[in-house]
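1. Got a predicted structure plus its sequence, pasted below:
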Amino acid sequence: GSVTSFIVQYMKINWNLFGELALGIFSAIDAGSLFLMHFTTNIWACYASYLIFKACYMLLITIATFQIAVNLSMERYALMFGFNNFVALVIQTILTVVVVDSRGLGLDIVTQFLIYGSYFAVIAGIFLIRSICLLVSSKCE
């Protein structure tokens, strides 16, 4: 994950135009990795899928952080990233309580992969639709 995050700085891409497309693609790869872990019984496929998931997830976080930081002044970094971390932890806690905890659904691990894969698939869909709209509007200009 750290290697993929490090490589981002050397990529010569117009992040304003293709950043959300990259977020959509890597979210879709994450969803596919989680779905593979749900549907397979092969431990090696699960390990490989987990490595792909972690690498893409770290890359996803790096790109998302960059996309946010580009539009902020330096004075607002701490406030924005502190707020983002807080919201992320709240969402993670809610998902954990609902999906994992016995007070919630208390789902088994295999079903959890399906739930989290679906979560990433929805996020990928949102980013891909938004990026297509951005690309179409930039072509029309």
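-> Nice, thanks for sending it over.
2. how far does whichever strand or helix holds Ile132 sit from the chain's center?
-> Using DSSP states H and E, Ile132 maps to helix 109-140. Distance, stretch centre to chain centre, for helix 109-140: 9 Å (Cα atoms, centre = their mean, to the nearest Å).
3. which residues of this protein fall in helices?
-> In the chain, the helices defined using DSSP state H lie at 2-7, 15-39, 43-70, 77-99, 109-140.
4. show me where pLDDT drops low in this protein?
-> Within the chain, the ranges that satisfy pLDDT under 70 run 1, 5.
5. From Ala48, how far out is Ile55?
-> For the record, residue 55 is Ala, not Ile. Distance, Ala55 to Ala48, by Cβ to Cβ, to the nearest Å: 11 Å. Placement of C-beta: from N, CA and C, glycine included.
6. ok, the two, which is more surrounded?
-> Neighbours per residue (other Cβ atoms under 10 Å) separate Ala55 from Ala48, with Ala55 holding more: 19 against 15.
7. how many neighbours does Gly32 have?
-> Gly32 is flanked by 18 other residues according to other Cβ under 10 Å.
8. Pull out the buried residues from the helix holding Ile132.
-> Of the residues in helix 109-140, 112-113, 115-117, 119-121, 123-124, 127-128, 131, 134 count as buried by neighbour count, 16 or more other Cβ atoms under 10 Å.
9. Just put those in TSV and tack on distance to Phe39.
-> Listed next are these as TSV, based on distance: Cβ to Cβ, whole Å:
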residue	distance to Phe39
Gln112	13
Phe113	9
Ile115	14
Tyr116	14
Gly117	9
Tyr119	16
Phe120	15
Ala121	14
Ile123	20
Ala124	18
Phe127	23
Leu128	22
Ser131	27
Leu134	33
